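**Student:** what's the 3D shape of this:
(one chain, ligands or ions: 1)
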Amino acid sequence: MIILKNEQEIELMANAGRVAGLCLKMLAGKVRPGITTAELDRMAEEFIRGMGAIPTFKGYMGFPASICTSINDEVVHGTPGPRRLEEGDVISIDVGATLNGYVGDTAATFPVGKVSPLAERLMQATREALYAGIAAAVEGNTVGDIGYAVESVVRRYGFTVVRDYAGHGVGRNMHEDPSVPNFGIPGTGPVLRRGMVIAIEPMVNAGGHEVITFKNMRVVTKDGSLSAHFEHTVAVTPDGPRCLTEV
Ligand code: MG
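**Tutor:** Have a look, this model is predicted:
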């Protein structure tokens, strides 16, 4: 069931989204060779709690941390720990913040120092695919239009979208209906209505689309290729898509 949000609820969601967005921005400034993902997690939790919000991921399905940190061939759901970032790595950081009962969900992939041209292109493609998806989040369009827009960009770069994981509705819960795949057929799937709030989150692999999921939820590319992940929480409004996690 898709839960529509009224204007007041969307304002509350924008407040939550702002916390998540600001946290991700803060972390972007901390990513450097030598820092551990556990240190990033600690800074994220302090930041989110300091804003009066709750780290949404902590305890979700037993997840032990406040952010997901996924390095190189890790796609999503990496658990922060003692691993130190190295020059040339790419790290995807996913942040969830709950404020006044509403969730903001956002992610981005960052270069650690200087990275390969392939990594740069992969991040560019994934970010561009996200914004193509956001542009399609228009009243009267469908979820399939978003997926089509996302995958079209990714294909143009010669990369692949992960098919086993998708974006999702967001609200009082992090995962609501509808599912928002990163591929689709135009004009198919649920129709986008004003008041729908969705997380659009392309996960893009430099190699094949296949992934392996481990027991602790960590997802890696099957062929060991690099992966990138960008995400925003977006409201469908009469004035067009409104990105709630962009700061
Ligand atoms: Mg998400």
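**Student:** Can you give the contact residues for the strand or helix carrying Glu11?
**Tutor:** For Glu11, the host element (DSSP states H and E) is helix 7-28. Identification of contacts with helix 7-28 by C-beta atoms under 8 Å, 6 or more residues apart in numbering yields 5, 40, 43-44, 47-48, 51, 53, 67, 93, 95-108, 110, 170-171, 195, 197, 233, 235, 237, 242, 244-247. (Glycine included, C-beta is placed from N, CA and C.)
**Student:** cutoff 7 Å now
**Tutor:** Contact partners of helix 7-28, identified using C-beta atoms under 7 Å, 6 or more residues apart in numbering, comprise 5, 40, 43-44, 47-48, 51, 53, 93, 95-100, 102-106, 108, 110, 197, 233, 235, 244-247.
**Student:** what about stretch 58-65, near the ion?
**Tutor:** No: using C-beta under 5 Å from the ion, we find that stretch 58-65 stays clear of the ion, coming within 11.0 Å at best.
**Student:** what's the spacing between that stretch and its chain's center?
**Tutor:** 17 Å (C-alpha atoms, centre = their mean, to the nearest Å).
**Student:** Could you do stretch 33-51 as well?
**Tutor:** 18 Å.
**Student:** Now that stretch: buried residues?
**Tutor:** Across stretch 33-51, burial judged by 16 or more other C-beta atoms under 10 Å covers Ile35, Thr37, Ala38, Leu40, Asp41, Met43, Ala44, Glu45, Phe47, Ile48, Met51.
**Student:** mind giving me JSON lines with the residues you listed and columns for pLDDT?
**Tutor:** Shown next, in JSON lines, are the buried residues of stretch 33-51 (pLDDT from 0 to 100):
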{"residue": "Ile35", "pLDDT": "98"}
{"residue": "Thr37", "pLDDT": "98"}
{"residue": "Ala38", "pLDDT": "98"}
{"residue": "Leu40", "pLDDT": "98"}
{"residue": "Asp41", "pLDDT": "98"}
{"residue": "Met43", "pLDDT": "98"}
{"residue": "Ala44", "pLDDT": "98"}
{"residue": "Glu45", "pLDDT": "98"}
{"residue": "Phe47", "pLDDT": "98"}
{"residue": "Ile48", "pLDDT": "98"}
{"residue": "Met51", "pLDDT": "98"}
